[in-house]
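Novice: this is a predicted model, with the sequence first.
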Amino acid sequence: MQPINLTSALAAGKDFVEKVRKASGVDVKACYQCGKCSAGCPVAFAMDYTPRQVMRLLQLGLTEEALKSHSIWLCAQCETCSARCPRQLEPAKVMEALRIEAKKAGFETEDEIATFNEKFLRSVASNGRVFEAGLVIGFNLATVRPFKDAGVAPSMLVNGKLKLLPHKIKGRDAVRRMFEKAEKMEGEHK
Amino acid sequence: MKYAYYPGCSLHSTGIEYDMSSQLVAGKLGVELKEIPDWNCCGASAGHTTNHLLGLALPARNLAIAEKEGLDVMAPCASCYNRMKTSEVAVKSSEETKAKVAEVTEMEYEGKVGVKSALEVFVKEAGLDAIKSLAVKNLGGMKIAAYYGCLLVRPVGIGFDDPENPMTMDDMVTALGGEAVDWPFKTECCGASLPTAREMVGLKLVYDILTMAQSAGAEAIVTACPLCFMNLDMRQNDLNKKVDNANFQLPVFYFTELMAIAFGEKPAKTGVRKHFVDTSSVLAKYNLK
Amino acid sequence: MITEKMRAAAKELLEKGEVETVIGWEKGTFWYNSTPAFISKPEQADRLVFDEFCANNLAKYLLDYRNADGKIAVFVKGCDARAVNRLLQDNQVKREKVYLIGIPCPGMKEAPKTGAAQDTASLPLLAKCQSCATPNPVIYDQLLGDPVPAREVPNRFAGVEALEAKGADEKYERWGKLFSECIRCYACRNVCPACNCRECAFDANGLNWLGKQNNLQENQMFNITRAMHVAGRCIECGECERVCPMGLPLMDINRKIIKDLNELFGSYDAGLNLEDRPPLGHYKLDDPEKFM
Amino acid sequence: MRRTGVFVCHCGSNIAGTVDVERVAKEAAKFPNVVFATDYKYMCSEPGQQVIKDAIKEHNLDRVVVASCSPRMHEPTFRRCLESAGMNPYLFEMANIREHCSWVHPDKEKGTIKSIDLVRKAAAKVVKDEPLQKSSIGITKRALVIGGGIAGIQVALDIADAGFPVTIVEKEPTIGGRMAQIDKTFPTLDCSACILTPKMVDASQHPNIEILSYSEVEKVEGYVGNFDITIRKKARSVDMSKCTGCGTCWEKCPTKVDSEFDMQLGKRKAIYTPFPQAVPNKPVIDRVNCTKFRTGKCGICQKVCPTGAVDYEQQDELITEKYGAIVVATGFNQFDHSVYGEYGYGKYPDVITGLHFERLINASGPTMGKIKRPSDHKIPETVVFIKCVGSRDEAKGKSYCSRTCCMYTAKHATLVHEKIPGSKSYIFYMDVRTPGKGYEEFYKRTAEEYEAQYIRGRVSKVYQKGDKLVVRGEDSLIGRPVEIEADMVVLANAMVAREDAGDLARTLGISYDKDNFFTEAHPKLRPVETHTAGVFLAGACQGPKDIPDSVAQAGAAASKAIGLLSKTQMESDAIVSNVDESRCSGCMICKGICPYKAIDAKLITERVGGKMAERQVAAVNKSLCQGCGACTVACRAGCLNLLGFTNEQILAEVEAVCL
Amino acid sequence: MKTIAKSKVSALLDEIAKEFNLLVPTSGDGASKFAPYTPGSQASFDGRTLLPPKDVFFPQTEKMYKFTTDGMAGSLETVLEAPKHQMLFGVRPCDVKSIHELDHVFLTKGFVDEFYQSKRDRTFLVSIGCNGPAEPTCFCQSMGVNPQEADAVDVHLFDLGSEYGAAGKSENGEAFLQKYASFFNEADVQLPAVAEFALNPNVEGITEKLQQMFDHPLWEEVSKKCLGCGACTYLCPTCHCFDISGRVAGNQGFNFRCWDSCMFSEYTRMAGGHNPRPSKKERVRNRFLHKLQYFPERYGDLLCTGCGRCLSKCPVNIDITNIIKQIREVELA
Amino acid sequence: MSLNTEALPKSQEVTASPEAAPQPWEPRIVGFACNWCTYAGADLAGLSRLQYPPSIRLIRVPCSGRVNPQFVIRAFQRGADGVLVAGCHPGDCHYSTGNYFTRRRFLLMQRLLEYMGMDPRRFQARWISGSEGPKFQQVVTQMTEDIKALGPNRKMRDVE
């Protein structure tokens, strides 16, 4: 294992920590690494870095490792960590900020989740609402497993739970403009 | 009581039962619901984790429309509720955010109206007394695990109920004559879209919740969120297939469905027939058919 | 009509012997002069009036009755009531020794320039009333008439802000010109309900706080010290500025201090209620100290 | 006209090397009111002082200025010199031309000019000096100790041993405090009762100690050396003079209630002593639960009492006594962890606190020393300890570290290992803090020999699953979530201030911090004093402390109190505030600003317009006043003045240095 | 009579200013008062000035002596600056009367105040008459002043509407008119009627009546609203109380005199703290008795010119005309 | 109501020795120093032989809370080019709370003086502890430089 050169890492990470603070309102320096976030996190078992470790990576200036971590994609945004943090930091918001930054930097380590989110938003952007059938079909095609959840589709159709055509709202152009503006104001994605 | 109604995408598709039963309950309780005209998707967790501002703006557009009508919003979906609440609080507490959001939405949202969850409106505001007085059927002691999910009671300090041990739904169950079992996973996360996007990760969360409810003696789970519902209801079959020794047959209800049934509605009208896990036997057991 | 009500109230109080003196207003030299009146017999009550010229803050007169045997009744507008609170906070008046008759105040008018008879409605509000945010008495035993709605008050610090923006020399020149005009008649001090020392530091024998020369420097010393002494205690009744025979804009100084106190130590309005402690009488551990 | 003498010191070459001292003296001789000026090699030396004394006589001087070093160095020297020359020592000023001039300004011309200015300043001030006298007050040689825990007992014993009468006021029916509830003490594992109870007995038998148990301080008036203290002796319903403590009453009493002493884990009677070794060992009736008081029926205790000591009619009694010093030793409370939803809001019976655990392992406790879990009295095999519950938690608890938990948790784990063979302890911690003698070694033993598994991480959730408690944490050292199925969970709850600490602080006029702990006068230099003269602090009422620290602080507080009481008269400085009553308007703004509560309102009578009138003015208690002068600035009329630093003196200095 | 168009006055002033230190009424951006005229600047001849011209002769602060000390020795020097020949132009008849009252105080009864005298002697007075009350509060007529004309000046100007009629009232005045004859025309003039005054207090016999009223309850009544400020006395053209004070700085210093006011509580306070006028009743009484009784007893004139300044600027509308009326209404036993 | 009184000569003129060359203008700073911290800090600067400009004249007061704002105005009136009020750091006050009042009072005062046209650099307040000899040196040096740049004070000054 290569030792981390903390001197250069800390210096390099300083601006990013400030960026995260601006975006999320969380000062990661205040984290005292108690681990309560990770202990309560429902998805921690699947993560490569526990939420506490993600905070630590930032504290040490290891920005890229944080951005490339799978954890930030696996985070379900349930806010359990935020609710219980004894320092009133909000790791969930850090996760959110990191995911946005990771996307900008082009690190999408969890393809499926990133794809799902993208499809989801694309659906919203073009229709104003989510077209769930289209989303699932599109997602499954994209992730090359076209028949996932296919078994449930017929009964859902019968029960009126799946619509075959998207509902397009009247204000969909306005919604599309919102996407464009928000993207412009928050910075372009790669 | 009159609210702007924000069903959200789910209630028009996978969560159609929640929509149906909510309308029924509202009618009984005298809560007038006026659907927000031309509402858009709140962005769910995909929105704010992709673009923070977008995550605030999407719900703000709906709130702005409601504000024009001068109505507070009722959002049955916990995810929609959480997103709208976050947007509401962000706009109320920062002029800068308000301005940014207005620029994106091209609409003025001043923070004069806010959002409430259906649970808050139907149980907290209407009151247990009203619920009891409307109940014509008794749940007869049905053992029910009230499952709130994570987002309904968060962020801490803003929600309407205790973040670690919420009781609103338990109180409702008790008021209708059911037995709300005490169990510790009321607010554990169901994984949201993870069971779709990362199946095995998501399924583990669902598995834990179902197991815990079952071991607490619950005969049914009641929930107030279409995503929770979908994960708990639709995934039982998957789990039974993919996990050794798993054999779940635990009916899941929207709390509105139970209310509507207790208020005397025909179960079919409430949507309980549309569930993946059979509900008829447990309803039959307690003479609720 | 408030005048009728105040006469009736005064008469009743005096007839019943509940108070020994009623302090109010009566007409003075001209139709546009209303002046403090001191009534001690029921039959004198008909002298009392309330009109657009009752600008005098009567609270200060309570100091003259500190040793009175009985109760003193005084009519209080919004600002007068805040003045009474000021005096109560400074332990100069005992609450049980005063009877406060509140009068919601519609705002007082300027005397006409020429003295010629004219419609009072066309007269402008006194400067001190234009920025008044408390037209209704905040403390009283009895209220005559209904509370008046709060007026739309312009930013009362606008003048201060404009001055702050000027250059140092420009500021000094402006104040120098003004303070040179001060004749040190002390009307500002004597009318001020926050200036309630038994003996002003400036009047004390041999204390050497202030030279008697009338020149810019001593006048500056007087005016700055006066302002510092009422800092955090000024109730913004504007009487100092109104009575200044030389027309000095004294509220520009008082308001500067109020603005700074609000900005630095949290907002505080003197005389609004008895419990709040004046900002210079206490401190917070985390007070700003960027100048240190 | 004053007759001032100015004496300029060379300080060898220290001053004379860079200041033309002769010129300074020559210029000084021209100053108004100066009749004599000279320079000398060492003013502070014997011959130097003689120069001053001679000049005083020869020139009939009535004011003296010495220009030399810092007054912080030699002001007392020269004051004594004036005194021995028959002058009032306060008719003296110093000009600091060494530290503030010759040592810092090498340019001789500039240094000399500045020296002349500094002397002019001193000469201008000195003519306004007035003779001042020190004042003194008598002292009541008696101490009050509030709180009868280990700290209070230690304070009382120390003061009593020094020969002064002490009263301990304890609100519970017995002294002993928290230490009495504890089983063993770290790091020696001594039996707590074995070392505490002899001290309790010592205190009760000490001829100089009076114990007022079941009593509270109601009112404090007066000031250092002369406090008038009103104490409420709550009605015990038992006549202390008749009761022998035989125990018949509580044996026969039919009413059982949860014992506070046993943390609700055991029972006591309605007439009770909290524990068998209570001091005084005489019962009280808990009127809330007593059947006699609730329904008027029963009365068994009165019937069975062989001495007729039970008195249902007894009333609270108020007594007022004089004391010279007060030591506050009111101890701490345990943090209420029911704010933690994630730990079950206190509803799981087997999630207990450290203090509960102490009662469980105590041989005279409710389980006779057997560790049994409260829910089903089973002996736990797996015990999880969670530290920092309420401590170091800004979100739900306190920001500070409670200092004792690391050690007592280690002790608990050790005791679990000793008492339950085959058991396993897990300790969740954030840091292990063991800064005490033998503490680290104890912790090491716990982890290494007593097989306590330390896991670094905070627990996020505890929940019941069957008859187990599932504890979810992260082992932050490997970065993996961990889960333990435990039989019992022990929380190391924070030590917090007593909930009524604020009330007591207001009664005593002392300050308290954001967490309601009493504030010491100086965190480093005056750790057991308060800002209120004559009031001292001991034990955990000032902040979390373990027993050795509490006892050490008790000794320190006692020695401070003894130091005060050993004087017959207390001399206060002559530099105190003074009120010009004729001009004071009694606004009392000064009162709120005085940090020593030395200013109070008083009524004076004066003739106004032919009749006598009463009027309120400020009065300075010269023995409390420390001479800071804050009040003088608050006084707009300038009728408060600080003797020795009057407005006139300071203005004269300002004018002199601006010439 | 000689006349001068009002439009030509400023040209005249420009000329005069070359010779005299010229003081004219100004209203600039501060309070109106007499101030040095600088060519081209605007003098204001409407109404009367807020501040009376008394400080021209009797400044509010005036240095009198300088001294130095050296051990027990010392030196003293009078500070008496000979002012440039000065002209006070545009004094109203009421203020002319006030100068005469001040002359009584500072120059008669065997006592001459050299500081006052030095300035008074070198001041050339030009008065301007009024054709009626300059302010609603004017009542000079009642105080024996002819509002249109003043005699004890060097030159008097009658207000004739668009022009002034000039009359030399002293030899200097005649010489002045001769010297600046080019500015004047000769014309027959008719004085306009005097407009009516709103305030007409009757002072007949008041001095004698007051001699019996020292202990009358009226004083208690009229003093109640007094705030004890010095606005009335400082604005009064005739009030002339002063205090002498000094400043020392090291080995030197100076003494100065400055206006004082009998309205101030410390005015009569003695070094030991005793105050013979302890409350505002005594102080207010003294002020009016001084004006209406003591001064007339000593000098034969009321110490009031009816200028109305005190009345217009009193913060509480204490009205001397009303007090005179009340004194008249008192029925003595 | 004249604006200026007669000039009084400065002390340098009185005391300067005949042989000394005329001194260039040196700012005159009146310093109020609390006995327990800043005065001790200045003593320490002396003990440590830390040089600073001879511009400051310290007036010893028990506590910075003893300094009346009027003292400051009087100093300016009499010719001070700058005034420094210095005391213990917050929390270190020998009298526990005096400097908290100082802080409020002079923060307000400084702003008021600035409003009156006084350059804020002429009136400064500082926390200097007994151990901060170097800080005392640095504060006096800096303030002297500031005021040198501003030139002699004419404002509020009655001695020309």
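Specialist: Cool, the structure landed. Residues are numbered from 1 along each chain as shown, chains lettered A, B, ... in the order given.
Novice: count of residues packed around the residue in chain A positioned nearest to chain F?
Specialist: For chain A, the residue closest to chain F is residue A:30, as judged by CB to the nearest CB, at 22.9 Å. All C-beta atoms are positioned from the backbone trio N, CA, C, and that covers glycine. Residue A:30: 14 surrounding residues under other CB atoms under 10 Å in any protein chain shown.
Novice: check contacts around the closest residue to chain E within the stretch 101-250 of chain B.
Specialist: In the stretch 101-250 of chain B, no residue comes nearer to chain E than residue B:110, which is 46.0 Å away by CB to the nearest CB. Shown in contact with residue B:110 (CB atoms under 8 Å, 6 or more residues apart in numbering or on different chains): B:67, B:91, B:98.
Novice: switch the cut-off to 7 Å
Specialist: residue B:67 (CB atoms under 7 Å, 6 or more residues apart in numbering or on different chains).
Novice: could you look up the SS state of it?
Specialist: Put simply, residue B:110 is coil when judged by DSSP: H, G, I helix; E, B strand; the rest coil.
Novice: ok so, going back, show me the contacts for the residue of chain A closest to chain F.
Specialist: Counted by CB under 7 Å, 6+ apart, residue A:30 has contacts A:87, A:89.
Novice: now do it, the pLDDT please.
Specialist: Looking at residue A:30, its pLDDT is 93.
Novice: and the contacts of stretch D:440-457?
Specialist: A:34-35, A:39, D:186-187, D:407, D:410, D:413-414, D:417, D:424-430, D:432, D:434, D:473-477, D:482.
Novice: looks like residue D:211 contacts residue D:202 (just checking).
Specialist: No - counting by CB atoms under 7 Å, residue D:211 stays clear of residue D:202, with 11.4 Å between them.
Novice: tell me how far the lowest-mean-pLDDT helix or strand in chain E lies from the chain's centre.
Specialist: The helix or strand of chain E with the lowest confidence, counting by mean pLDDT, DSSP states H and E, is strand E:73-78 at a mean of 87. Relative to its chain's centre, strand E:73-78 lies at 33 Å (CA atoms, centre = their mean, to the nearest Å).
Novice: coming back round to it: who has more neighbours, residue D:211 and residue D:202?
Specialist: residue D:211 (23 against 16).
Novice: who's in contact with that one?
Specialist: With CB under 7 Å, 6+ apart, residue D:211 has these contacts: D:148, D:168, D:170, D:175, D:203, D:204, D:280.
Novice: picking up where we left off before, any idea how far the residue of the stretch 101-250 of chain B closest to chain E lies from residue D:574?
Specialist: As judged by CB to CB, to the nearest Å, residue B:110 and residue D:574 stand 66 Å apart.
Novice: what strand or helix carries residue D:86?
Specialist: In the assignment (DSSP states H and E), residue D:86 maps to no helix and no strand.
Novice: burial count for it?
Specialist: 9.
Novice: same deal with residue E:281?
Specialist: With other CB under 10 Å as criterion, residue E:281 counts 19.
Novice: before we move on, what about residue B:211?
Specialist: Residues lying near residue B:211 (other CB under 10 Å) number 17.
Novice: and for residue D:581?
Specialist: Counted with other CB under 10 Å, residue D:581 comes out at 15.
Novice: quick one: it from chain E, how far?
Specialist: 12 Å (CB to the nearest CB, to the nearest Å).
Novice: by mean pLDDT, which helix or strand of chain A comes out lowest?
Specialist: helix A:132-142 (a mean of 71).
Novice: what comes into contact with the helix or strand just after that helix?
Specialist: Using DSSP H and E, the helix or strand that follows helix A:132-142 in sequence is helix A:153-158. If you take CB under 7 Å, 6+ apart as the criterion, helix A:153-158 is touched by residue A:162.
Novice: 10 Å instead?
Specialist: Under the contact criterion CB atoms under 10 Å, 6 or more residues apart in numbering or on different chains, helix A:153-158 has outside partners A:132-133, A:136-137, A:147, A:149, A:161-164, B:13-14, B:16, B:230, B:234, B:274-276.
Novice: which of those residues are buried?
Specialist: A:132-133, A:136-137, A:149, A:161-163, B:13-14, B:16, B:230, B:234, B:274-276 (16 or more other CB atoms under 10 Å in any protein chain shown).
Novice: hang on, residue E:126 in a strand?
Specialist: Yes - assessed with three-state DSSP, residue E:126 lies in a strand.
Novice: and it, how many residues sit next to it?
Specialist: Neighbours around residue E:126, by other CB under 10 Å: 23.
Novice: tell me how far the nearest residue to residue D:60 once chain neighbours are set aside lies from residue D:71.
Specialist: With CB to CB, 6 or more residues apart in numbering or on different chains as the criterion, residue D:60 has its nearest non-adjacent residue at 5.8 Å, and that residue is residue D:3. Taking CB to CB as the measure, residue D:3 falls 22 Å from residue D:71.
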